[in-house]
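**Q** pasting the structure only:
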């Protein structure tokens, strides 16, 4: 096995150093020598000698691999439109254009062009969210988990949060609502049973330390059969009677009724606010069809407290996500947004359109030798 320095003196290594940094070439040579050494010690066959053309081709392949982006486009063949592992909602062209337009230069992220003074990044979408949802005020952070954490920290720290045992949700990555409540500095008060929680359970749990009544939408599971939860409006009235915040973690959050698509009923953001949710948290990159973001919408006084909390700066949304979110919200402000947003367009695709797409894909795949393709309904 030759020394690395001797290999570095070769014309092949000199050529590699013209394309890659010297230390990168050295590391790649050492890695290839180590691979060969391990093969020899394990008495596995070694095809060629160190320093051969094939050896340097492998070193070059390893160096090229270091320049390949880690994030890359993939084909989603899972049948799951909003796939967390695959990046959730694909963005519409309008959002991509908004990102590209701002990424290449400067923008008025926190500058008031009319007044010539410092502005707020949250002002760019707040009025639009309020118009679309009917909320008094709104705030955007970097994801829905951050929105829930900020709200509970600002509104319930050192106090109590009442939540139904049937709604102590866990989402992907072992994100659990009880852990978020504990992280906020509030104390969780569980009420009811797994399958049934009554309004009287919430009422009996209220103490002078209670700050928030929390409802969580169980979007990734259902409790069916002998089960019950109080209506949203009843919880809102109970909270108002005791001067509490009624907050709901809606999760995926949609502006569009999904039932015309043939899908199960999903409460819309507008519906939840009409029925009394004082503060609503939902995602931007799920049924809304936008970038990763956590949106808070609700009463003006509650949102104002969140805007003043120091944790907000650690959770704030960046300019590119904000640009994409604004573009997506403006599409929701147009007629028939379900035809303009990729997520809603896919969810609403009729079976005959999916069948035609499957046939086109099958024809292309059958051109690959040895590949057998069947279409199944």
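**A** Perfect, thanks for sending it. Not measured: the values here are computed from a predicted model. Numbers count the residues shown, from 1 in each chain.

**Q** Contacts only, for residue 207.
**A** Applying Cβ atoms under 8 Å, 6 or more residues apart in numbering, one finds that residue 207 lies in contact with residue 160. Quick note: C-beta positions are derived from backbone N, CA and C, even for glycine.

**Q** for it, phi and psi?
**A** Here the main-chain torsion angles of residue 207 (degrees, to the nearest 10) amount to phi -130, psi 170.

**Q** burial of residue 37, as a residue count?
**A** Around residue 37 sit 13 other residues, with neighbours defined as other Cβ atoms under 10 Å.

**Q** Sorry, wrong one. I was asking about residue 357.
**A** Applying other Cβ under 10 Å, we find 11 residues neighbouring residue 357.

**Q** name the helices or strands packed onto whichever strand or helix holds it?
**A** Mapping residue 357 onto the secondary structure by DSSP states H and E places it in helix 351-365. On a contact count with 3 or more Cβ pairs under 8 Å, 6 or more residues apart in numbering; DSSP states H and E, helix 351-365 meets no helix or strand.

**Q** So for that helix, mean pLDDT?
**A** Averaging pLDDT along helix 351-365 yields 92.

**Q** cool, stretch 263-272 as well?
**A** Stretch 263-272 shows an average pLDDT of 92 in the prediction.

**Q** cool, and stretch 85-104?
**A** Stretch 85-104 carries an average pLDDT of 95.

**Q** which residues sit against that stretch?
**A** Counting contacts by Cβ under 8 Å, 6+ apart, the residues outside stretch 85-104 that touch it are 74, 76, 78, 82, 285-286, 288-292, 319-320, 323-328, 330-331, 340-343.

**Q** 7 Å instead, please
**A** Counting by Cβ atoms under 7 Å, 6 or more residues apart in numbering, stretch 85-104 makes contact with 74, 76, 82, 285-286, 289-291, 319-320, 323-324, 326-328, 331, 340-343, all of which sit outside it.

**Q** of the residues you listed, buried ones?
**A** Buried members of the contacts of stretch 85-104, scored by 16 or more other Cβ atoms under 10 Å, are 82, 285-286, 289-291, 319-320, 323-324, 326-328, 331, 340-341, 343.

**Q** Spatially nearest residue to the spatially most central residue of the chain (excluding sequence neighbours)?
**A** Central residue check for the chain by Cα atoms, centre = their mean: the C-alpha nearest the mean position is that of residue 292, 4.3 Å away. With Cβ to Cβ, 6 or more residues apart in numbering as the criterion, residue 292 has its nearest non-adjacent residue at 4.6 Å, and that residue is residue 285.

**Q** Now do the contacts for the nearest residue to residue 2 once chain neighbours are set aside.
**A** Distances taken as Cβ to Cβ, 6+ apart put residue 50 closest to residue 2, at 5.4 Å, once the chain neighbours are dropped. Shown here is residue 50, whose contacts under the criterion Cβ under 7 Å, 6+ apart are 1-2, 33, 36.

**Q** can you put these in CSV and add neighbour count?
**A** Supplementary listing: those in CSV, determined by neighbours: other Cβ atoms under 10 Å:
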residue, neighbour count
1, 12
2, 13
33, 19
36, 19
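
**Q** which pair in those residues spans the largest distance?
**A** 2 and 36 (10.6 Å; Cβ to Cβ).

**Q** who does the helix or strand of the chain with the lowest mean pLDDT touch, helix- and strand-wise?
**A** Across the helices and strands of the chain, the lowest-confidence element by mean pLDDT, DSSP states H and E is strand 170-171, at a mean of 80. Identification of packing neighbours for strand 170-171 by 3 or more Cβ pairs under 7 Å, 6 or more residues apart in numbering; DSSP states H and E yields no helix or strand.

**Q** Parallel or antiparallel, list what pairs with the next helix or strand after that strand.
**A** The first helix or strand that comes after strand 170-171 along the chain, using DSSP H and E, is strand 175-176. When pairing is defined by DSSP bridges, strand 175-176 lines up against strand 170-171 (antiparallel).

**Q** how many neighbours does residue 58 have?
**A** Other residues near residue 58 number 17, with proximity taken as other Cβ under 10 Å.

**Q** That one and residue 37, how far apart?
**A** Computed as Cβ to Cβ, to the nearest Å, the residue 58 to residue 37 distance reads 14 Å.
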